[in-house]
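[1] from the sequence below, what's the structure:
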Amino acid sequence: FHHVTPAVIMMVVVAVGKYLLSHLEFNSDACGEAQPDPVKVSEASRDDEAAGVTAAAAGRADMLAQKFRQAMEEGMFRDNDLSLVTVAEYLGVSRTTLSNMLGTHFGMPFRDIVNRYRIDAAKAYYLEHPGATQAEVAFECGFKDDSALNRKFKELEGVTPLVWLGRQASSRDEGQAPSE
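    Numbering: from 1, shown residues only. Here you go, the predicted model:
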């Protein structure tokens with residue numbers, strides 16, 4: 001729990017407080033003062049423990065998502081043999097844990113996320129290196145070959161890299177900012 005931020009702790013405290021206010025039933029004692037129902041209190045304690053575990057798990061998942069994003073942004077996606085297992089080992093988690101987190105945080109499977117990073121890198125590479133060949137771009141951005149780059153680029157962008165480049169050049173010629 002030493003990685004839990006003050007913001008996460010505050011969210012848990014507020015959530016527990018709201019829960020307790022809405023779920024505790026009170027009985028009156030002989031003096032007419034409200035006393036918590038011991039059965040409801042023990043149920044609330046179990047729920048509070050579960051909420052704490054859930055909050056802690058959410059915090060760990062957020063941290064894992066951040067570490068994954070950082071690894072990708074540092075260029076890990078450029079390894080054309082990259083696998084879910086390799087990244088999971090690098091991050092120190094199981095393949096299943098990583099896969100579940102990716103589905104929850106990114107809404108897509110590992111391979112789709114990696115290919116999105118690769119395509120974004122390819123677009124940037126094409127713009128920064130106007131004379132680059134498709135094979136060079138493929139190699140620099142983590143694709144096994146130029147046909148894999150072409151196929152994924154068309155799948156994700158709707159056009160081939162050459163058509164996309166032509167559109168970028170046309171946009172520049174007309175004085176418009178190139179589209180990403």
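
[2] going forward, measure contacts and count neighbours with C-alpha atoms only.
    Noted.

[3] after the helix or strand containing residue 97 comes which helix or strand?
    Per DSSP states H and E, residue 97 falls inside helix 95-106. Downstream of helix 95-106, the first helix or strand assigned by DSSP H and E is helix 110-128.

[4] which helices and strands does that following helix pack with?
    helix 95-106, helix 134-141, helix 146-157 (3 or more CA pairs under 8 Å, 6 or more residues apart in numbering; DSSP states H and E).

[5] quick one: contacts of the first one?
    Read it as helix 95-106. For helix 95-106, the external contacting residues (CA atoms under 8 Å, 6 or more residues apart in numbering) are 61-62, 64-65, 84-85, 88-89, 108-110, 113.

[6] ditto for the shortest one
    When contacts are taken as CA under 8 Å, 6+ apart, the neighbours of helix 134-141 outside the stretch itself are 77-78, 118-119, 121-122, 125-126, 144-146, 148-149.

[7] selecting buried members of those in PyMOL, what would you type?
    In PyMOL, selecting the buried portion of those, with burial taken from 16 or more other CA atoms under 10 Å, looks like this:
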select buried, resi 77+78+118+119+121+122+125+126+144+146+149
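
[8] circling back: could I get the helix holding residue 97 in PDB with only the CA atoms?
    What follows is helix 95-106, C-alpha atoms only, in PDB (Å, rounded to 0.1, in the frame of the first residue of the first chain):
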ATOM      1  CA  ARG A  95       0.200 -12.400 -18.900                       C
ATOM      2  CA  THR A  96      -3.500 -12.600 -17.700                       C
ATOM      3  CA  THR A  97      -3.100  -9.500 -15.400                       C
ATOM      4  CA  LEU A  98      -1.700  -7.500 -18.200                       C
ATOM      5  CA  SER A  99      -4.300  -8.600 -20.700                       C
ATOM      6  CA  ASN A 100      -7.100  -7.800 -18.300                       C
ATOM      7  CA  MET A 101      -5.700  -4.400 -17.500                       C
ATOM      8  CA  LEU A 102      -5.300  -3.600 -21.200                       C
ATOM      9  CA  GLY A 103      -8.900  -4.500 -21.900                       C
ATOM     10  CA  THR A 104     -10.100  -2.400 -19.000                       C
ATOM     11  CA  HIS A 105      -7.900   0.700 -19.500                       C
ATOM     12  CA  PHE A 106      -7.500   0.800 -23.200                       C
END
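
[9] nearest to residue 132, of the contacts of helix 95-106?
    Of all these, residue 132 sits closest to residue 113, with 24.4 Å by CA to CA.

[10] that closest one and residue 57, how far apart?
    According to CA to CA, to the nearest Å, residue 113 stands 22 Å off from residue 57.

[11] one more: residue 102?
    Distance, residue 102 to residue 57, using CA to CA: 14 Å.

[12] more crowded one of those two?
    The residue with more neighbours, out of residue 102 and residue 57, is residue 102; 19 against 12, by other CA atoms under 10 Å.

[13] relative to residue 113, how far out is the more buried one?
    In terms of CA to CA, residue 102 sits 8 Å off from residue 113.
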